[in-house]
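1. Below are the sequence and a predicted model; questions follow.
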Amino acid sequence: MECLFKRDTFKIVLMVLVCLLSNVILLYAEVKKSRRVSLSFKKALQLAFKHNRDIAVQENEIRITEAKLLEAKGKFLPQIDFDSSYIHRDSVMNLGLSQGKDSDKDLGVFVGYEDEKSVGISVKQPVFEGGSNMANLRQAKLELEMQRERLRALRLSVEFETKRLYYGILLAQDSERIAEELLNQAKSHYEIVKKKFKEGTASKFDLFQAKVQVSKVFPKVVRAENSKKFIISEFKKLIGLKQEDYIVLKDELTYSFIDLDENRFLEIAYKRNPELIIKSLNVKLGRNNISIAKAASRPHINVNFNCAYRSDDVTDMFNSRHNNWNVGVVVSLPLFDRFSAKAKVEKAKARYSQAELRESDNKRAIALSIKKALLDLRQAQVIIKSQKEVLKEAEEAVKIAEARYRNGVGRGIDVLDAQVSLSQIKNNLSQAIYDYVMAESYLNKVVGGNLFMEGKYEE
């Protein structure tokens, strides 16, 4: 019986060891699979650019447009064709007149050779295509410029989104830390109240209040932790990291006040905002499309040149007797396309007017966006200054309230109020710094580039 008991015990111990070993192996595999990635904002932005599909698609679109521009330039070059052929005829009709019995020459019409080889070249040079070639070249250049501005707009949007998530994680970490500090303060106060209650120097009401405060603060910690995890997941997806990777952010949630000059920002935005530049290019395209439409009703002039050598003997092909050439000027005048061309011109003019209206609307929208960004910056700046001024006082108030309560001359509710007030001030300060950073980033996006360095802006 004792031997059976020992055997069962050995089996149980062995099973426990196997389970522990398997858990250790799984934990090691999980740790090995994950990576520790240290990121500055600059590095995160590089990764975001690298892994963004829209940017990759737009870069390919630029390559396509560059090819179209090269094609438009090719329209100005002459079209040169080389050709070579071989023709075998079973018989050739002799249309010549004999000069005599012993003559080896015939006079008359040359019909061809029984075995004819030919080599030729033809050249077609456009001289005037109604202005369409030049208009198409301008259009290709404008389209390439538009595609590049679209890429810049995409990069600015990705930069804004990267900053929102990068600094959003820093804000979430601050919020979690502040919530944990408040929870620890509430727990510490509860322990003090519980001890004083046992000694008979604290009421049951104070005990219940302290206990309820711990329960009230705990959900804030949980929500702050979940919020941080969700933002981190979004951030990893944006910059192309695996969800199991562990990230460490090098930068801090800091700010630097900038000079707020609305007129200057407007001036810069009108020059550099990619959306406004695209609208302006659309206006130029509309004007150019009118030229393309008008070109359809104008004459087209081309110069053609053809030269060919024909002979039955390859070694004796290139001489003046076997050479035929011609030069001609071709003028094409569309006589019955007047009404169609006129309709196209009217349509192009209407679209040109639409493009001008959209450009004007976009300018007003940019002015409004800059005003909003500056209002947000001023609001965040005021909150930062006000919260920093009272932060030390709030910290001192907590110490005084806790000391008074321990000495029996203060109330428990005063301690709780002081702790909550300090937590709110810290949260307000972190949120205001984040709001300031994001308002500056939004302004940077609107004006069309990274113009801020050490509190100043430059073109």
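-> Done, it's in.

2. residues in contact with whichever strand in the chain runs longest?
-> Counting residues, the longest strand found in the chain (DSSP state E) is strand 115-128. Strand 115-128 has contacts (Cβ atoms under 8 Å, 6 or more residues apart in numbering) with 75-76, 78-89, 133, 298-312, 314, 317. Where C-beta positions appear, they are placed from N, C-alpha and C, glycine not excepted.

3. Distance from it to the middle of the chain?
-> Relative to the chain's own centre, strand 115-128 is displaced by 50 Å; criterion: Cα atoms, centre = their mean, to the nearest Å.

4. Repeat that for stretch 412-431.
-> 40 Å.

5. Can you tell me the strand partners of the longest strand of the chain and which way each runs?
-> strand 79-88 (antiparallel), strand 300-311 (antiparallel) (DSSP bridges).

6. Pick the most deeply packed of the ones you listed.
-> Burial of the strands paired with strand 115-128 is given as mean neighbour count (mean count of other Cβ atoms under 10 Å); strand 300-311 ranks first at a mean of 16.

7. What are the contacting residues of whatever helix or strand comes next after that strand?
-> Downstream of strand 300-311, the next assigned helix or strand under DSSP states H and E is strand 323-332. Residues from elsewhere that reach strand 323-332, judged by Cβ under 8 Å, 6+ apart: Pro299, His300, Ile301, Asn302, Val303, Asn304, Phe305, Asn306, Cys307, Ala308, Tyr309, Arg310.

8. The strands paired with strand 115-128 into CSV, with extra columns for distance to Leu285 and mean pLDDT?
-> Shown next, in CSV, are the strands paired with strand 115-128 (distance: least, Cβ to Cβ, whole Å; pLDDT from 0 to 100):
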stretch, distance to Leu285, mean pLDDT
strand 79-88, 27, 83
strand 300-311, 23, 83
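
9. Figure out which of those is closest to Tyr246.
-> Proximity to Tyr246 (Cβ to Cβ) singles out strand 79-88 among these, at 62.6 Å.

10. what's the burial count for Glu356?
-> Residues lying near Glu356 (other Cβ atoms under 10 Å) number 16.

11. which residue packs closest to it, ignoring adjacent ones?
-> Spatial nearest neighbour of Glu356, excluding adjacent residues (Cβ to Cβ, 6 or more residues apart in numbering): Val283 at 5.5 Å.

12. Provide a list of residues in contact with the one you found.
-> Contacts of Val283 by Cβ under 8 Å, 6+ apart are Tyr352, Ala355, Glu356, Glu359.

13. residue contacts, the closest residue to the first one other than its chain neighbours?
-> Okay, so that is Tyr352. With Cβ to Cβ, 6+ apart as the criterion, Tyr352 has its nearest non-adjacent residue at 3.3 Å, and that residue is Gly286. For Gly286, the contacting residues are Ala348, Arg351, Tyr352, Ser353, Gln354, Ala355, Glu356, by Cβ under 8 Å, 6+ apart.

14. Distance from the helix or strand where the second one lies to the middle of the chain?
-> This points to Arg351. Per DSSP H and E, Arg351 falls inside helix 338-406. Chain-centre distance of helix 338-406: 20 Å, with Cα atoms, centre = their mean.

15. before we move on, the earlier item: could you measure from the residue nearest to Glu356 over to Leu357?
-> 10 Å (Cβ to Cβ, to the nearest Å).

16. which residues in the chain form strands?
-> Under DSSP E, the chain gives strands at 36-39, 79-88, 96-98, 106-108, 115-128, 246-249, 300-311, 323-332, 452-453, 456-457.

17. Ok, which of those strands comes nearest Ile277?
-> strand 456-457 (18.9 Å).

18. What average pLDDT does the closest one get?
-> Averaging pLDDT along strand 456-457 gives 40.

19. And for stretch 277-289?
-> pLDDT averaged over stretch 277-289 gives 85.

20. and it, how far out from the chain's middle?
-> With Cα atoms, centre = their mean, you get 23 Å for stretch 277-289.

21. orientation of the longest strand of the chain relative to strand 323-332 in degrees?
-> Using axes from the mean of the first three to the mean of the last three Cα atoms, to 10 degrees, one finds that strand 115-128 and strand 323-332 are set 30 degrees apart in direction.

22. how about strand 115-128: buried residues?
-> For strand 115-128, the neighbour count (16 or more other Cβ atoms under 10 Å) marks Lys117, Ser118, Val119, Gly120, Pro126 as buried.

23. Make TSV from the contacts of Val283 and add pLDDT and distance to Asp174 to it.
-> Formatted as TSV, the contacts of Val283 follow (pLDDT from 0 to 100; distance: Cβ to Cβ, whole Å):
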residue	pLDDT	distance to Asp174
Tyr352	75	53
Ala355	77	47
Glu356	80	48
Glu359	81	43
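
24. Quick check, Leu154 in contact with Glu59.
-> No. In this structure, Leu154 is not within contact of Glu59 by Cβ atoms under 8 Å, at 9.5 Å.

25. more neighbours, the two?
-> Leu154 (18 against 13).

26. now the residue positioned nearest the centre of the chain: how far from Arg148?
-> With distances taken as Cα atoms, centre = their mean, Leu154 lies nearest the centre of the chain, 3.0 Å away. Using Cβ to Cβ, we find Leu154 at a distance of 11 Å from Arg148.

27. Likewise for Arg138?
-> 16 Å.

28. Ok, Glu389 next?
-> Taken as Cβ to Cβ, the span from Glu389 to Arg148 is 47 Å.

29. Have a look at those two and say which one is more surrounded.
-> Arg148 (19 against 10).

30. mind listing what the residue nearest to the more buried one when sequence neighbours are not counted touches?
-> Leaving aside its chain neighbours, Arg148 sits nearest to Ile62 (6.2 Å; criterion: Cβ to Cβ, 6+ apart). Shown in contact with Ile62 (Cβ under 8 Å, 6+ apart): Leu144, Gln147, Arg148, Leu151.

31. Roughly how far does Ile62 sit from Glu149?
-> 10 Å.

32. Do you know the pLDDT at Gly410?
-> Gly410 is given a pLDDT of 86.

33. ditto for His189
-> pLDDT at His189 comes out at 91.

34. and it, what does it touch?
-> So His189 contacts Ala210, Gln213, Glu402, Tyr405, Gly412, Val415, Leu416, Gln419 (Cβ under 8 Å, 6+ apart).

35. Of those residues, which is the nearest to Gln379?
-> Nearest member of these to Gln379, counting by Cβ to Cβ, is Gln419, at 27.1 Å.

36. Number of residues surrounding the nearest residue to the closest one once chain neighbours are set aside?
-> Leaving aside its chain neighbours, Gln419 sits nearest to Gln185 (4.8 Å; criterion: Cβ to Cβ, 6+ apart). Gln185: 22 surrounding residues under other Cβ under 10 Å.

37. Could you do Asp259 as well?
-> 10.

38. what separates it from Phe265, distance-wise?
-> 10 Å.

39. From Ala153, how far out is the nearest residue to Gly448 once chain neighbours are set aside?
-> Spatial nearest neighbour of Gly448, excluding adjacent residues (Cβ to Cβ, 6+ apart): Arg272 at 3.2 Å. The gap separating Arg272 from Ala153 is 11 Å, by Cβ to Cβ.
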